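Participant: Next one to model:
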Amino acid sequence: MQADWTRPDDEIARFLERHGRYGIPFNIVFGPEAPSGISLPEILTQTLVLDAFERASARSVARD
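Facilitator: Predicted coordinates:
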């Protein structure tokens, strides 16, 4: 999911607030094992993202 906050939007603001965030960028990973989502920090690394995918997935994510 991607939300464009170029123009303020109440629905996006409520989503951010529900997840304890009040601005962008905000990244969250959802999956079968993480239906409530795994919030990621503002500064991403490949390891953080792949770990979140792994935790949220019902199956193992392959890494190179």
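Participant: and residue 38, backbone torsions?
Facilitator: Per-residue torsions, residue 38: phi -120, psi 110 (degrees, to the nearest 10).
Participant: measure it to residue 7 for me?
Facilitator: Separation of residue 38 from residue 7 (C-beta to C-beta, to the nearest Å) stands at 28 Å. Every C-beta, even on glycine, is put in place using the N, C-alpha and C of the backbone.
Participant: likewise residue 27?
Facilitator: Counting by C-beta to C-beta, the gap from residue 27 to residue 7 is 20 Å.
Participant: okay, these two: which has more neighbours?
Facilitator: residue 27 (17 against 6; other C-beta atoms under 10 Å).
Participant: Got the phi and psi for the residue nearest the centre of the chain?
Facilitator: In the chain, the C-alpha nearest the mean C-alpha coordinate belongs to residue 28, at 0.7 Å (C-alpha atoms, centre = their mean). Here is the backbone geometry of residue 28 (degrees, to the nearest 10): phi -140, psi 140.
Participant: Can you pull the poorly scored residue ranges out of this structure?
Facilitator: 1-2, 60-64 (pLDDT under 70).
Participant: Tell me which stretches of it form helices.
Facilitator: 10-18, 46-56 (DSSP state H).
Participant: Check those helices for me and report the most buried one.
Facilitator: When those are scored by mean count of other C-beta atoms under 10 Å, the highest mean neighbour count falls to helix 46-56 (a mean of 15).
Participant: which helices and strands sit right next to that one?
Facilitator: Judged by 3 or more C-beta pairs under 8 Å, 6 or more residues apart in numbering; DSSP states H and E, the packing partners of helix 46-56 are strand 27-31, strand 34-40.
Participant: No further questions, thank you.
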